[in-house]
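**Student:** could you look at this predicted model? Sequence included:
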There are 2 protein chains.
Amino acid sequence: MASAMIFPSRRLRATPFTSRVSKLGVSGFTVYNHMLLPTVFESLQEDYKHLKEYVQMWDVSVERQVQLLGKDAHKLACMISARDLTNAQTGRCYYAPICDQSGAIINDPIALRLADDKYWFSIADSDLLLWVQGIALGLDLNVEICEPDVSPLAIQGPMAEDLMVDVFGAEIRNIKFFHFKEFPFNGRMLNIARSGWSKQGGFEIYLNDSQLGPELWDTIWEKGEKYNIRPGCPNLIERIEAGLLSYGNDMNREDSPLEIGLEKYISLDSNVDFIGKKALLKQRKDGIKKRLLGIEIDGSEMPPLSMPEEVFKDGKKIGIVTSAVFSPDYNGNIGFAMIEASNATAGTEVSVDSKAGIRKGKLCEIGDFWSQVQSKN
Amino acid sequence: MASAMIFPSRRLRATPFTSRVSKLGVSGFTVYNHMLLPTVFESLQEDYKHLKEYVQMWDVSVERQVQLLGKDAHKLACMISARDLTNAQTGRCYYAPICDQSGAIINDPIALRLADDKYWFSIADSDLLLWVQGIALGLDLNVEICEPDVSPLAIQGPMAEDLMVDVFGAEIRNIKFFHFKEFPFNGRMLNIARSGWSKQGGFEIYLNDSQLGPELWDTIWEKGEKYNIRPGCPNLIERIEAGLLSYGNDMNREDSPLEIGLEKYISLDSNVDFIGKKALLKQRKDGIKKRLLGIEIDGSEMPPLSMPEEVFKDGKKIGIVTSAVFSPDYNGNIGFAMIEASNATAGTEVSVDSKAGIRKGKLCEIGDFWSQVQSKN
């Protein structure tokens, strides 16, 4: 793909914060859940450095909510989630991969339990709404399913907590990781979770009234000036360092949670009978055919991938690179690669057929980047 | 939305033709069904003029297929389609809106019946696959549902037929509108339909092997040179003139087929019991609350919309513009507008709060543009 402009249309939905993001000079967008998601402001590297030092406000409205409400909401949530939600607690967030009958990943949302009979699934890039509604219709369940007017705004970075306290009060400090609480803002109650798609710490504010978007943004921005706040977005460099996987990039419907290394988030040994469990049990027994690993790639700074790049060992194709980028703190190109099981071993020397030519590389575990970056700093 | 670059990633899937489209200088992309769709090559107006005079090749791989195969395929097709497919014939295409239980439009695909037990739904921009799979799972139907490796390539424009004959032989001329037939290409059989998202005439080739993409493109390109072939894409100007509605822009899950003017494509008076029928019968009886019309907007050339623009009558908001563009052949700004029923009358004078300021406008029927453009030429 050559560089090209994104063509505007109503179909690429604007968010409650698009006016602010545009005014602040967003330079790259992507489309996610039929909605605009900023990808770059100043540059990937400048955004990254700032995120690690200060605080950023991210328009992540694209994390749409699939709301389950009613008598069968809990039953349906337990049925679709590969993670056992039987004892899910109100006020908690759960990373909950969703699979089809074959065990392939349809989406990897965060499930929030809002009440005994109410869930939000804060989704990755696929219309999970249609899957859940289709199942509920087929099974004639007693549950209302919709995409409510909820648009998350993430506050991320080492100064996120201090800023959030200035805006919402000291009670913010009592929110534990992957918990959420309600806080008042201009007459409404907003759910705020300690979560977000970075390892720099922070919060996600679930704005539940689009009309309040600019006001919420401006309020936080004003209080954030003393912390050197900037607009930001999920950062490709930081998220690869952090080992955060992206649905559509590092996993899709070709893959199962076992192949992606998500064993600990799926409940194969619990009593819950979720969709895909049978297939995944069989896969666990038979062994997986491919596995996602980290990959270091030699040479100068790589451009972001526009399609998977092939990975070879001794001249034979053994897999593909799914995401890759140059990390300043790691001082090298890092990424993820889906590798056939027989060669999926950390330390394996490979070559990559990249846009920038054939390059040498080495496989590693996904978590290795983060520990190395931490030890270097 | 300010103008911004589209940021590449594997998640925005490349197509079998992306290499060709990029080489030929695509200047704008959008994202559709998680895949790249070209939107502009030279300019909207240059692309438009050329399309109306010569022949263009369009990478419309984003029209993904939802394939239904097996014993219950026909039953399921009839259940999801608001158009009666009970007597659907093999080799025919059917414009078939898909609704949820409330009668809201989920997608507006073309259904192709390939065999008694096999359908393709060639979809608009939503994951219809998940809806259909969810229903089949809930009802425990005996049907395999997948997105096959099928990527349509459209040949559009007044010289499309001559070019297609040069490539595939004279039998091409015998394909009637919205019919399809198999033709050989390099050892494979490809379905070719007389269809496409323009009113300039043409065909859609359902390439069923991604690896053959560049070869198919190059073969047609070479034979097309004598017809002044160019790369193209669904053209915003031509499709508005032609009254072709875009899912996500001119209709979405806020709307029913009755509100969009699709009565003739839905089978409320047939015996088939499709999803949403009950709600639509009630809506027909009670009357619709809003209706999609055409709209002419005064003044100089409007920029393409990035979000709906509000429509007023006597200072009161009565609706929104869903798409709009300047048409050279119409010599004015034309578009579509969703208007509350009490004011949804052709001839109504309105004002539009556009990016370019408040402008006067007038409502018309959607088909009016085409007849006027035809009479002017």
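**Tutor:** Perfect, thanks for sending it.
**Student:** now do the strands in the stretch 1-150 of chain A.
**Tutor:** Ranges of strands within the stretch 1-150 of chain A are A:5-6, A:28-32, A:35-40, A:56-59, A:65-69, A:93-95, A:98-99, A:105-107, A:110-115, A:118-122, A:144-146, based on DSSP state E, counting those that start in this stretch.
**Student:** what does the stretch 101-250 of chain A put close to chain B?
**Tutor:** For the stretch 101-250 of chain A, the contact set with chain B under Cβ under 8 Å from any Cβ of the partner chain comprises A:101, A:106, A:125-128, A:130-140, A:246-249. In this view, the C-beta of every residue, glycine as well, is placed from N, C-alpha and C.
**Student:** of the residues you listed, buried ones?
**Tutor:** A:106, A:125-128, A:130-139, A:246-249 (16 or more other Cβ atoms under 10 Å in any protein chain shown).
**Student:** taking chain A, what residue is nearest to chain B?
**Tutor:** Residue nearest to chain B within chain A (Cβ to the nearest Cβ): A:G138, separated by 1.7 Å.
**Student:** just give the closest residue to that residue, not the sequence neighbours.
**Tutor:** Excluding the flanking residues, the one nearest A:G138 by Cβ to Cβ, 6 or more residues apart in numbering or on different chains is B:G138, at 1.7 Å.
**Student:** hmm, A:Q133 and the one you found touching each other?
**Tutor:** No: with contact defined as Cβ atoms under 8 Å, B:G138 does not reach A:Q133; the gap is 9.9 Å.
**Student:** what's the burial count for A:L244?
**Tutor:** By the criterion of other Cβ atoms under 10 Å in any protein chain shown, A:L244 has 17 neighbours.
**Student:** to clarify, my last question referred to A:Q89.
**Tutor:** A:Q89: 9 neighbours (other Cβ under 10 Å).
**Student:** with the one 10 residues further on instead?
**Tutor:** A count of nearby residues for A:C99, using other Cβ under 10 Å, gives 24.
**Student:** give the bridge partners for it, please.
**Tutor:** Beta-bridge pairing of A:C99 under DSSP bridges involves A:I105.
**Student:** any idea how far it lies from A:A111?
**Tutor:** Distance, A:C99 to A:A111, using Cβ to Cβ, to the nearest Å: 14 Å.
**Student:** ditto for A:K317
**Tutor:** Using Cβ to Cβ, A:K317 is found at 37 Å from A:A111.
**Student:** repeat for A:K316
**Tutor:** Distance of A:K316 to A:A111, given as Cβ to Cβ: 41 Å.
**Student:** who's more crowded, these two?
**Tutor:** A:A111 (23 against 8).
**Student:** and the more buried one, what does it touch?
**Tutor:** Counting by Cβ atoms under 8 Å, 6 or more residues apart in numbering or on different chains, A:A111 touches A:77, A:81, A:83, A:85, A:88, A:93-96, A:119-122.
**Student:** one more pass at 6 Å, please.
**Tutor:** A:Y94, A:A96, A:Y119, A:F121 (Cβ atoms under 6 Å, 6 or more residues apart in numbering or on different chains).
**Student:** bridged to it, which residues?
**Tutor:** On the basis of DSSP bridges, A:A111 is bridged to A:Y94, A:F121.
**Student:** tell me the pLDDT at the residue nearest to A:T39 when sequence neighbours are not counted?
**Tutor:** Once flanking residues are discounted, A:T39 sits nearest to B:F7: 3.8 Å by Cβ to Cβ, 6+ apart. With respect to pLDDT, B:F7 scores 88.
**Student:** can you report how many residues lie near B:F7?
**Tutor:** For B:F7, the count of nearby residues is 22 (other Cβ under 10 Å).
**Student:** OK, contacts around it?
**Tutor:** A:G28, A:T30, A:T39 are the contacts of B:F7 under Cβ under 6 Å, 6+ apart.
**Student:** rerun at 7 Å
**Tutor:** B:F7 makes contact with A:G28, A:F29, A:T30, A:T39, A:V40 under the criterion Cβ atoms under 7 Å, 6 or more residues apart in numbering or on different chains.
**Student:** would you mind naming what in the stretch 251-377 of chain A lies close to chain B?
**Tutor:** A:P304, A:L305, A:S306, A:M307, A:P308, A:T322, A:S323 (Cβ under 7 Å from any Cβ of the partner chain).
**Student:** and of these, the nearest to A:V165?
**Tutor:** Taking Cβ to Cβ as the measure, A:V165 lies nearest A:S323 of these, at 34.1 Å.
**Student:** okay, now the sheet partners of the host helix or strand of the closest one, with direction.
**Tutor:** Under the criterion of DSSP states H and E, A:S323 resides in strand A:316-327. With DSSP bridges as the test, strand A:316-327 is paired with strand A:309-313 (antiparallel), strand A:332-340 (antiparallel).
**Student:** give me the mean pLDDT for that strand.
**Tutor:** On average, strand A:316-327 scores 97.
**Student:** list the buried residues for that strand?
**Tutor:** Neighbour-count burial for strand A:316-327 flags A:I318, A:G319, A:I320, A:V321, A:T322, A:S323, A:A324, A:V325, A:F326, A:S327 (criterion: 16+ other Cβ under 10 Å).
**Student:** what residues does that strand touch?
**Tutor:** Counting by Cβ under 7 Å, 6+ apart, A:236-237, A:240-241, A:246, A:249-250, A:290, A:295, A:297, A:301-302, A:304-305, A:308-312, A:333-340, A:343, A:350, A:352, B:10 sit against strand A:316-327.
**Student:** if we use 6 Å, what do you get?
**Tutor:** Strand A:316-327 is contacted from outside by A:236-237, A:240-241, A:249-250, A:301-302, A:305, A:308-311, A:333-340, A:343, A:352, B:10, using Cβ under 6 Å, 6+ apart.
**Student:** what residues are up against the residue nearest to A:G138?
**Tutor:** Contacts for B:G138 (Cβ under 6 Å, 6+ apart) come out as A:I135, A:G138, A:L139.
**Student:** save the residues you listed as JSON lines, and put in pLDDT too.
**Tutor:** Below are the contacts of B:G138 laid out as JSON lines (pLDDT from 0 to 100):
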{"residue": "A:I135", "pLDDT": "98"}
{"residue": "A:G138", "pLDDT": "97"}
{"residue": "A:L139", "pLDDT": "98"}
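**Student:** in the stretch 201-350 of chain A, which spans are strands?
**Tutor:** Using DSSP E, counting those that start in this stretch, strands in the stretch 201-350 of chain A cover A:202-207, A:230-232, A:290-297, A:309-313, A:316-327, A:332-340, A:349-354.
**Student:** need these in TSV with distance to B:P148, can you?
**Tutor:** TSV is the format used below for the strands of the stretch 201-350 of chain A (distance: least, Cβ to Cβ, whole Å):
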stretch	distance to B:P148
strand A:202-207	37
strand A:230-232	39
strand A:290-297	22
strand A:309-313	23
strand A:316-327	21
strand A:332-340	22
strand A:349-354	27
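**Student:** for A:K199, see how far away A:S246 is.
**Tutor:** 14 Å.
**Student:** cool, and A:F7?
**Tutor:** Taking Cβ to Cβ, one finds A:F7 at 34 Å from A:K199.
**Student:** dig out what the residue lying closest to A:H34 once chain neighbours are set aside forms beta bridges with.
**Tutor:** Ranked by Cβ to Cβ, 6+ apart and with sequence neighbours excluded, the top spatial neighbour of A:H34 is A:R13, at 5.7 Å. Judged by DSSP bridges, the bridge partners of A:R13 are A:M35.
**Student:** residues near A:R13, how many?
**Tutor:** By other Cβ under 10 Å, the residues close to A:R13 number 19.
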